[in-house]
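S.K.: Quick one, what's the 3D model for this:
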Amino acid sequence: MKEKLQQLLETLGSERGELRVRLHLLGLEAREELEQAETKWQNMQLRLRDIGWEWNLKAKTEIHDLGEDVDKLQHKITDKVGDIRLEVMEEVHELGEELAELYQKIRRHL
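M.R.: Numbers count the residues shown, from 1 in each chain. The predicted structure is shown next:
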């Protein structure tokens, strides 16, 4: 009986050692998986940051382009207003000349 007990203790000791080795290996695997997950997390954060930068640059470009379009439109409007102003001034001048002629005719008849 003593031999069986001794053999059982040796077997249990051996299995205990194997269990410790397995637990250690399992811990290493878990750490490796955690490191891989961390790497994926960091890569995702970098991609999201890069996407944010791309959107930011795209928005800046679009805002700049819109600003240029607004400037062009403002120049067109200014030019058009200037053209209309000249036309109105010419018409007013012509009307003034016509009125002056009419006034002179009226004075001659009186």
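S.K.: residue ranges for the helices of the protein, please.
M.R.: Under the criterion DSSP state H, helices of the chain are mapped to 2-109.
S.K.: Please tell me how far stretch 62-71 is from the chain's geometric centre.
M.R.: Distance of stretch 62-71 from its chain centroid, counting by C-alpha atoms, centre = their mean, to the nearest Å, is 17 Å.
S.K.: which residue ends up closest to the midpoint of the protein in space?
M.R.: Residue closest to the average C-alpha location in the chain (C-alpha atoms, centre = their mean): W55, at 2.0 Å.
S.K.: Tell me the spacing between it and T61.
M.R.: Using C-beta to C-beta, to the nearest Å, W55 is found at 11 Å from T61. Heads up, the C-betas are built off the backbone N, CA and C, glycines and all.
S.K.: And the pLDDT at M89?
M.R.: Confidence at M89, expressed as pLDDT, is 92.
S.K.: The residue nearest to the centre of the chain and K40: what is the separation?
M.R.: Taking C-beta to C-beta, one finds W55 at 22 Å from K40.
S.K.: ok, now K76?
M.R.: 53 Å.
S.K.: do the same with E32
M.R.: When E32 is compared with K40 (using C-beta to C-beta), they lie 13 Å apart.
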